[in-house]
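Asker: this one's sequence-less:
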């Protein structure tokens with residue numbers, strides 16, 4: 001009888017060197033690095049027609065939730 005093996009979900013912690021992925025429900029997002037005093041200045045990004053945008057300071061990747069994307073327009 002075959003044993004089942006648990007595998008981590010696709011939303012598991014990023015591998016070293018991969019940007020942090022943050023699911024969002026709007027195309028306009030703000031990033032401050034998330035580190036309080038150790039973060040960076042707050043910057044705003046607009047995805048436009050894209051479904052993701054990357055912070056130029058900390059490389060966080062903001063990804064539009066598909067459920068939110070289908071409800072827009």
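Answerer: Yep, it's here. Bear in mind the structure is a predicted one, so any value in this text is a computation, not a measurement.
Asker: Look at the closest residue to residue 44 other than its chain neighbours and give its secondary structure.
Answerer: Setting aside the residues directly before and after it, residue 44 is nearest to residue 30 in space (Cβ to Cβ, 6 or more residues apart in numbering), at 5.1 Å. C-beta here means a position set from N, CA and C on the backbone, and glycine is covered the same way. Counting by DSSP: H, G, I helix; E, B strand; the rest coil, the backbone at residue 30 sits in strand.
Asker: From residue 16, how far off is residue 30?
Answerer: Look at residue 30 and residue 16: by Cβ to Cβ, to the nearest Å, they are 26 Å apart.
Asker: low-confidence ranges in the chain?
Answerer: By pLDDT under 70, the low-scoring segments of the chain are 1-14, 71-73.
Asker: hang on, the earlier thing: so for residue 30 and residue 16, which residue has more residues nearby?
Answerer: Remark: of residue 30 and residue 16, residue 30 carries more neighbours, 10 against 5, as counted by other Cβ atoms under 10 Å.
Asker: Point me to the residue sitting closest to the centre of this structure.
Answerer: residue 22 (2.2 Å; Cα atoms, centre = their mean).
Asker: give me the number of residues near residue 48?
Answerer: 9.
Asker: What of residue 53?
Answerer: 20.
Asker: Same question for it, what's its three-state structure.
Answerer: Reduced to three states by three-state DSSP, residue 53 is strand.
Asker: Find me whatever residue is spatially closest to it, sequence neighbours aside.
Answerer: residue 45 (4.4 Å).
Asker: Helix or strand: which one has the one you found?
Answerer: strand 43-46 (DSSP states H and E).
Asker: Given that strand, what are its sheet partners and their directions?
Answerer: strand 28-31 (antiparallel) (DSSP bridges).
Asker: This protein: helices as residue ranges?
Answerer: Counting by DSSP state H, the chain has helices at residues 66-70.
Asker: ok, residue 58 touching residue 41?
Answerer: No: the pair residue 58 / residue 41 is not scored as a contact, 10.9 Å apart, by Cβ atoms under 8 Å.
Asker: Between these two, which is the more surrounded one?
Answerer: Ranked by neighbour count (other Cβ under 10 Å), residue 58 and residue 41 place residue 58 first, with 16 against 8.
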